[in-house]
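Student: No letters, just coordinates:
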């Protein structure tokens with residue numbers, strides 16, 4: 001995996017690496033994500049049409065989540081298009097499109 005590149009506080013944030021354990025998610029499955037950003041990213045948020053959550057920071061420029069999908073309501077069983085947004089402390093952000101199919 002990539003190292004988190006240093007970026008000064010006022011530099012634009014950047015997302016360097018995005019990895020989801022699956023792009024097709026099923027009930028009962030463990031779903032994880034690993035992400036590398038520049039070191040000036042203060043928060044990383046995954047936003048989909050029906051939900052959003054902040055991905056925990058592991059260290060400067062490293063973010064990860066791990067969750068077991070317990071149930072997927074019928075309304076969610078479709079391909080959802082969203083974005084992964086990296087925010088710096090001064091409020092600037094960058095977005096990367098995300099596509100996940102919930103089955």
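Tutor: Noted; the coordinates are in hand. No experiment lies behind these values; they were computed from the predicted model shown.

Student: which other helices and strands contact the helix or strand residue 98 falls within?
Tutor: Secondary structure from DSSP states H and E places residue 98 in strand 93-102. Packing partners of strand 93-102 (3 or more CB pairs under 8 Å, 6 or more residues apart in numbering; DSSP states H and E): strand 15-20, strand 24-25, strand 41-48, strand 79-88. From N, CA and C alone the C-beta is placed, and that goes for glycine too.

Student: same thing but 6 Å
Tutor: If contacts are counted by 3 or more CB pairs under 6 Å, 6 or more residues apart in numbering; DSSP states H and E, strand 93-102 sits against strand 79-88.

Student: Could you please name the strands the strand it packs on pairs with and the direction of each pair?
Tutor: Strand 79-88 sits in its sheet next to strand 41-48 (antiparallel), strand 93-102 (antiparallel), going by DSSP bridges.

Student: if you compare those, which one is most tucked away?
Tutor: Comparing the strands paired with strand 79-88 by mean neighbour count (mean count of other CB atoms under 10 Å), strand 41-48 ranks first with a mean of 19.

Student: got the buried residues for the helix or strand following that strand?
Tutor: Later in the chain than strand 41-48, the nearest helix or strand by DSSP H and E is strand 51-55. Residues residue 55 are the ones in strand 51-55 that count as buried (16 or more other CB atoms under 10 Å).

Student: Thanks again, I'm all set now.
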